[in-house]
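Trainee: based on what follows, work out the 3D shape:
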Amino acid sequence: MPKFLLKRWHGLHIVWIFVLLLVLTAIVFYYQWLLGVLSLLLSGVLAYFTLQAETAFRKDLNTYVGTITHRVKKAGTEVMSGLPIGIVLYNEEKRIEWHNPFVAKMLEQESVIGESLLEWFPDLKSKKDKNEKIEMPIGKHIYQVWIRPEERLMFFREITEQANLARKYEDEKIAIGIVMLDNLDEATQGMDDQTRSIMLAKVTGEITEWAQRNQLYLRRTASDRFLILMDQKGLRNLEQTRFEILDDVRDLTIENKLPLTLSIGIASGAEHLVELGQMAQMSLDMSLGRGGDQVSVRVGQRLSFYGGKTNAVEKRTRVRARVISHALRDLMKESDKVVVMGHRFPDMDSIGAAVGVLKAVQVIGKEGYIVLEGVNPSIQKLMETISADERLYRWFITPEQAMQIMTQRTLAVVVDTHKASMVAEPKLLQLTHRIVVVDHHRRSEEFIQDATLVYMEPYASSTCELVTELLQYIHDKLAMEVLEATVLLAGIVVDTKSFSLRTGARTFEAASYLRRNGADSGLIQTLLKEDLDSYIEKAEIMRHTEILYEHVALAVSEPRKKHSQLMIAQVADTLLNMTNIMASFVISERHDGLIGISARSLGQMNVQLVMERLGGGGHLTNAATQMEGTLEEAAMRLKQVLQEMEDEEGLLNESCTVKRCEGSRQEGRD
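Mentor: Here you go, the predicted structure:
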């Protein structure tokens, strides 16, 4: 026990003794005054010693407290100076009021007191005033910064070593890729063995050199397929170069009638190699489903696309169509009934394809229905014609009626879309596990999961073309009604702009088959006629057209004037007919309150990529999207995306001249 505490203990006892003596003295005075005087003298002596003890106690206490305070202040100063943590105090004007020596050493300055906080730490400009921990590079070091805005206080802790280890760990994560020559059979058709071998050797050499240049492990697994292994650092380098191998291989075989193109699927971010391999195959399927000649990269939840500037190559064999047709026939036979539905706000291609599938159901002898949510201007004349035919119109039902008849054994056939969110009634897909998808659009990230059968061919002109091919293998003696054949042919005519865009040999073969089955081209022309008011409405929208990047037309309708999606698309098609216009975009308010954007191109620009960045999709030459907001916001966002794509790799494909791209109206396909 310290000395002053002992004295304090003794002093207290003396005080109590003194009080006791005073009481005794008073008693003695009562009985004997002489003894009372002696007692009083004794009490005075005790009081003197008590005061001396109290004085000594206070002196020792002050000395002890002063010593402790000095030691604490000295220790605090040494700790603040020697701690491997930076401390910064700033005022309301974001100026530094105080910092410890660690901060001065960190900034390589003697002092930054009084200077602007944001000037020395510019990363704070984008941060809100709230408690948070961030990483901040300063010079060659990395620091973890803890911001406490209530106290206007910041702590800095160096984490350079940990950050480098974490970065090294991320850089060394494995990525798996699959490279495929997606049109080898079509490109080499008609070649002799020697010519084919020479071309394959050149392409293989180009791919091998690319792998060595980028430090990739390359292993050939088939004549048209390669396996590549890389780390995350190598994958980032490939993404920065935007996979130049696509252009290199295409340019290497450009002299051929059909140049060879690559499709690549890459995956990273999975915990197990088996899962990583499955993701790589899914990425390759995504590239092929979008038309080939592109790369799909999946890193965790991020999915990125590169390339995709060329039209999909038409498959010249019908083997796949025959196999899909037989599989579809078996599924229909095993189901109790079939429900067919297209996308919301259906067009002629969607209705025509649904009618074609319904015909297949009836030929097999099953019960089938077409789900139609409502009639929009683009199919109004068509539905009026169908409603006059009771034999066909009675199979059209509403989504509510379809919900009542659906069972687990019902087959749901989705046509002209592959997105669950875009079908006429998404809830129907949750009531059955038997789902078939028939579509000609390029595959997007959103896709109907667990589909039993998928028939997606982005080279096809329309879904009606695919369904017509399937009908030819459904039954040997299939006989179509005139209206059924006409509706299918109308879908092809609309999507090909009267056989001027995205047509191939199989498009004309499908149209020929429909004509042989009685399709009425005169009726189609009647369905496609437009009135004078619609023509004037289109001209009014086109009046506000501006030209971007010399070959891109952008038309924005007047505010508060609403137009149908069909009208917006027709204006985009019309603008594409203007001289020197390679792509067109039309923005307008729709009757449902959304802002609609339609995009068209001749093949020099992939408008699908543009629309995907805005939340939509479609084809290389035909795409659209819808968004909320105002016309000004939509136009600003579109221009921003166009500028981003121009800065990344150029908006227009320089290998496609104006004359050549205009010629693609006759021979190009999406």
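Trainee: who's in contact with V556?
Mentor: Shown in contact with V556 (Cβ atoms under 8 Å, 6 or more residues apart in numbering): 544, 586-588, 631, 635. Where you see a C-beta, it was placed from the backbone N, CA and C, and this is true even at glycine.
Trainee: give me the buried entries from those residues.
Mentor: Buried by 16 or more other Cβ atoms under 10 Å: 586-588, 631, 635, out of the contacts of V556.
Trainee: present these as JSON lines; the columns should include pLDDT.
Mentor: Below are these laid out as JSON lines (pLDDT from 0 to 100):
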{"residue": "V586", "pLDDT": "96"}
{"residue": "I587", "pLDDT": "95"}
{"residue": "S588", "pLDDT": "94"}
{"residue": "L631", "pLDDT": "93"}
{"residue": "A635", "pLDDT": "94"}
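Trainee: where does A634 land in three-state SS?
Mentor: helix (DSSP: H, G, I helix; E, B strand; the rest coil).
Trainee: start the count at 442, not 1, going forward
Mentor: Understood, numbering begins at 442; the last thing we discussed is A1075.
Trainee: that one touches F1026, doesn't it?
Mentor: No. Using Cβ atoms under 8 Å, A1075 makes no contact with F1026, being 10.0 Å away.
Trainee: common neighbours of these two, please.
Mentor: By Cβ under 8 Å, 6+ apart, the residues touching both A1075 and F1026 are I1038.
Trainee: ok, these two, which is more surrounded?
Mentor: Using other Cβ atoms under 10 Å, the more surrounded residue of A1075 and F1026 is F1026, with 30 against 24.
Trainee: for the more buried one, which residues count as its bridge partners?
Mentor: Beta-bridge partners recorded for F1026 (DSSP bridges): L995, A1040.
Trainee: in CSV: the contacts of V997, plus distance to I537.
Mentor: Formatted as CSV, the contacts of V997 follow (distance: Cβ to Cβ, whole Å):
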residue, distance to I537
H985, 53
V1027, 54
I1028, 49
S1029, 53
L1072, 47
A1076, 44
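Trainee: list just the nearest of the residues you listed to R1001.
Mentor: Of all the contacts of V997, R1001 sits closest to L1072, with 9.3 Å by Cβ to Cβ.
Trainee: any idea how far the closest one lies from T967?
Mentor: 34 Å (Cβ to Cβ, to the nearest Å).
Trainee: what do you get for R1041?
Mentor: 25 Å.
Trainee: of these two, who's got more company?
Mentor: R1041 (29 against 11).
Trainee: from memory that one sits against T1015, does it?
Mentor: No. Using Cβ under 8 Å, R1041 makes no contact with T1015, being 9.3 Å away.
Trainee: just the pLDDT for E680.
Mentor: We note a pLDDT of 89 for E680 in this prediction.
Trainee: so it touches F746, yeah?
Mentor: No. At 10.9 Å, E680 does not count as touching F746 under the criterion of Cβ under 8 Å.
Trainee: look at the two and report which has more neighbours.
Mentor: Between E680 and F746, counted using other Cβ under 10 Å, F746 has the larger neighbour count: 20 against 15.
Trainee: show me what contacts the more buried one?
Mentor: By Cβ under 8 Å, 6+ apart, the contact list for F746 reads 728, 731, 735-738, 1050, 1053.
Trainee: SS state for it?
Mentor: Using three-state DSSP as the criterion, the local structure at F746 reads strand.
Trainee: swap in L717?
Mentor: helix.
Trainee: now it. Nearest residue, chain neighbours left out?
Mentor: A711 (4.2 Å; Cβ to Cβ, 6 or more residues apart in numbering).
Trainee: I'd say that neighbour and S724 touch.
Mentor: No. Using Cβ under 8 Å, A711 is not in contact with S724, being 11.6 Å away.
Trainee: more neighbours: which of these two?
Mentor: Higher neighbour count among A711 and S724: S724, with 26 against 20, using other Cβ under 10 Å.
Trainee: distance of that one relative to G748?
Mentor: From S724 to G748 the distance is 13 Å (Cβ to Cβ).
Trainee: check E495 too.
Mentor: Distance, E495 to G748, by Cβ to Cβ: 93 Å.
Trainee: more neighbours, the two?
Mentor: Taking other Cβ under 10 Å, E495 and G748 do not tie; G748 has more neighbours (27 against 16).
Trainee: helix or strand for V878, which one?
Mentor: V878 belongs to strand 875-880 when assigned by DSSP states H and E.
Trainee: for that strand, name the packing helices and strands.
Mentor: In terms of contacts (3 or more Cβ pairs under 8 Å, 6 or more residues apart in numbering; DSSP states H and E), strand 875-880 is packed against helix 760-775, strand 852-856, strand 894-897, helix 904-915.
Trainee: can you give me the angle the longest one makes with strand 875-880?
Mentor: Computed with axes from the mean of the first three to the mean of the last three Cα atoms, to 10 degrees, the direction of helix 760-775 lies at 150 degrees from that of strand 875-880.
Trainee: now helix 760-775, how far from the chain's geometric center?
Mentor: 34 Å (Cα atoms, centre = their mean, to the nearest Å).
Trainee: burial count for R654?
Mentor: For R654, using other Cβ under 10 Å, the count is 12.
Trainee: I misspoke; the intended subject was L659.
Mentor: Neighbour count of L659, defined by other Cβ under 10 Å: 19.
Trainee: how about it, secondary structure?
Mentor: Recorded secondary structure, L659: strand (three-state DSSP).
Trainee: residues in contact with it?
Mentor: When contacts are taken as Cβ under 8 Å, 6+ apart, L659 is in contact with 648-649, 652-653, 667-669.
Trainee: if you set the cut-off to 10 Å instead, what comes out?
Mentor: 618, 620, 645, 648-653, 667-671 (Cβ atoms under 10 Å, 6 or more residues apart in numbering).
Trainee: could you do T937 as well?
Mentor: Here T937 is in contact with 790, 902-903, 905-906, 943-945, 948-949, 952, 1106, 1110 (Cβ under 10 Å, 6+ apart).
Trainee: now it: how far from A952?
Mentor: 9 Å.
Trainee: now do the shared contacts for these two.
Mentor: In contact with both T937 and A952: 902, 905-906, 944, using Cβ under 10 Å, 6+ apart.
Trainee: any chance of the helices and strands packed on strand 875-880 in a markdown table, plus mean pLDDT?
Mentor: Formatted as a markdown table, the helices and strands packed on strand 875-880 follow (pLDDT from 0 to 100):
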| stretch | mean pLDDT |
| --- | --- |
| helix 760-775 | 88 |
| strand 852-856 | 96 |
| strand 894-897 | 89 |
| helix 904-915 | 93 |
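Trainee: for T1066, what are phi and psi?
Mentor: Backbone dihedrals for T1066, given as degrees, to the nearest 10, come out at phi -160, psi 160.
Trainee: E533 too?
Mentor: Per degrees, to the nearest 10, the backbone of E533 is at phi -70, psi -20.
Trainee: burial count for it?
Mentor: Residue crowding around E533 was assessed by other Cβ under 10 Å; the count is 6.
Trainee: need the contact list for it.
Mentor: Listed by Cβ under 10 Å, 6+ apart, the contact partners of E533 are R593.
Trainee: run the last query once more with 7 Å
Mentor: Going by Cβ atoms under 7 Å, 6 or more residues apart in numbering, E533 touches no other residue.
Trainee: how much space between it and L558?
Mentor: Using Cβ to Cβ, E533 is found at 11 Å from L558.
Trainee: could you list the paired strands of the one helix or strand V780 maps to along with their orientation?
Mentor: Per DSSP H and E, V780 falls inside strand 778-782. Under the criterion DSSP bridges, strand 778-782 sits next to strand 808-812 (parallel), strand 852-856 (parallel) in its sheet.
Trainee: chain center to the last one: distance?
Mentor: Distance of strand 852-856 from its chain centroid, counting by Cα atoms, centre = their mean, is 26 Å.
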